[in-house]
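Q: here is a sequence with its predicted model. Questions after.
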Amino acid sequence: MAFNSIADFFSMGGYGFYVWLSYCVSFLSLIILIINTINRKNKIIKMLNKRIARQQRIKNAPSREGIL
Amino acid sequence: MWKCLHPYAKPEKSYQLAGKLLPWFIIFSAITFIVGTVWGLLFAPADYQQGDSFRIIYIHVPAAMMAMAAYSSMAMAAFVALVWQIRLAEITVIATAPVGAVFTFIALFTGAAWGKPMWGAWWVWDARLTSELILLFIYLGIIALYNAFSDKVLAGRAASILTLVGVINLPIIHYSVVWWNTLHQGATISKFEKPSMAIEMLWPLIIMIIAFAAFLGTLMLMRFRNEILARESHRPWVLRLIETDDAQRLQKDK
């Protein structure tokens, strides 16, 4: 291991701010990308479900021939 | 020889294949990310000149490499899409662009955070940095252009053309450190020469490069599947798929 103590590890030889900033921002952006991808999937599936429900309603609607 | 690939031009087949590959990609990228990060942050020795600040390399270099790799795969897909009119290739282009854009952003950001302590400046208008910034703008341009059209057939074609035009930037990024006198250092790893890096520092870097590649693959597969569903939303197979999924979920809930 390259560090002697936990405090040593967090200070990164005085470069802690830059190292942790880089790692945090990078992983955060990757996580946002994952969340965005999953959200988009859910949105598409919701849209498709709506379409299926609509088709079902059209199919089940009573015929209007007798009314007109 | 290429016959075995023909069925995969059908969106349904490709959707299923991507679904089968996805879990393996997820597991593989999770493992490599954890191993690479822990090794790079904890076990790699500090650099004799840069101290511990060099540990930024373990995200900076893989992100930059994979940003360019993502662009080259997009360019190949765009070529296939334009020449052979294969819609799935267009979908690949648009599925990859956001991932590449995020990788480029990471490369630029970590570069800035590394440049500040080492060069004394967050940003310099150096050839490598500037061409990488242009790559980010090209990525954003492709995404914006695709979203600007409501007709997705047209949108896909326009995005593919822009992708091919933007390829000119890739050799510029790669050779910028050779052609111009840049503040940015030259390549550390090259295919033909021995790497100019100690082996115990190189191993975590290689693992992180693989991790970013696997992550790129994972996100490409996920977004590829999303785009297929969105673009094929009027097809019976998509509706059937969603219906069976819903039925399975209902059974699970019971």
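A: In hand now; what should we look at? A quick note: this is a predicted structure, and the numbers were derived from the prediction, not measured. Residues are numbered from 1 along each chain as shown, chains lettered A, B, ... in the order given.

Q: now the residue nearest the centre of chain A: how far from chain B?
A: Chain A has A:Ile35 as the residue nearest its centroid, 1.6 Å off, counting by C-alpha atoms, centre = their mean. Note on A:Ile35: its distance to chain B, by C-beta to the nearest C-beta, to the nearest Å, is 11 Å. Placement of C-beta: from N, CA and C, glycine included.

Q: which of the helices or strands spans that residue?
A: helix A:16-60 (DSSP states H and E).

Q: can you list the helices and strands that that helix packs against?
A: helix B:57-84, helix B:87-119, helix B:199-231, helix B:236-253 (3 or more C-beta pairs under 8 Å, 6 or more residues apart in numbering or on different chains; DSSP states H and E).

Q: packing partners of the first one?
A: Using 3+ C-beta pairs under 8 Å, 6+ apart as the contact definition, the elements that helix B:57-84 packs against are helix A:16-60, helix B:87-119, helix B:127-148, helix B:152-166, helix B:169-179, helix B:199-231.

Q: so that helix versus helix B:127-148, what angle?
A: 50 degrees (axes from the mean of the first three to the mean of the last three C-alpha atoms, to 10 degrees).

Q: specify the angle between helix B:57-84 and helix B:152-166 in degrees.
A: Going by the same axes, to 10 degrees, helix B:57-84 makes 120 degrees with helix B:152-166.

Q: please apply the same query to the second one.
A: Taking the same axes, to 10 degrees, one finds helix B:87-119 and helix B:152-166 inclined to each other by 40 degrees.

Q: what comes up buried for helix B:87-119?
A: Buried positions in helix B:87-119, judged by neighbour count with 16 or more other C-beta atoms under 10 Å in any protein chain shown: B:87-118.

Q: and for the first one?
A: Of the residues in helix B:57-84, those scored as buried under the neighbour-count criterion (16+ other C-beta under 10 Å) are B:57-71, B:73-82.

Q: one more: the shortest one?
A: Within helix B:236-253, the residues that qualify as buried by neighbour count (16+ other C-beta under 10 Å) are B:238-239, B:241-242.

Q: how about the residues of the stretch 151-254 of chain B by chain A?
A: B:215, B:219, B:222-223, B:225-226, B:229-230, B:233, B:238-239, B:242-243, B:245-246 (C-beta under 8 Å from any C-beta of the partner chain).

Q: neighbours of the nearest residue to B:Val102 once chain neighbours are set aside, how many?
A: Distances taken as C-beta to C-beta, 6 or more residues apart in numbering or on different chains place A:Leu33 nearest to B:Val102, at 4.9 Å, with adjacent residues excluded. A count of nearby residues for A:Leu33, using other C-beta atoms under 10 Å in any protein chain shown, gives 21.

Q: who's in contact with A:Leu33?
A: B:98-99, B:102, B:219 (C-beta atoms under 8 Å, 6 or more residues apart in numbering or on different chains).

Q: quick check: it vs B:Phe105, distance?
A: 10 Å (C-beta to C-beta, to the nearest Å).

Q: swap in B:Asp47?
A: On the measure of C-beta to C-beta, B:Asp47 and B:Phe105 end up 25 Å apart.

Q: what do you get for A:Phe17?
A: 20 Å.

Q: which helix or strand in chain B has the lowest average pLDDT?
A: helix B:236-253 (a mean of 82; mean pLDDT, DSSP states H and E).
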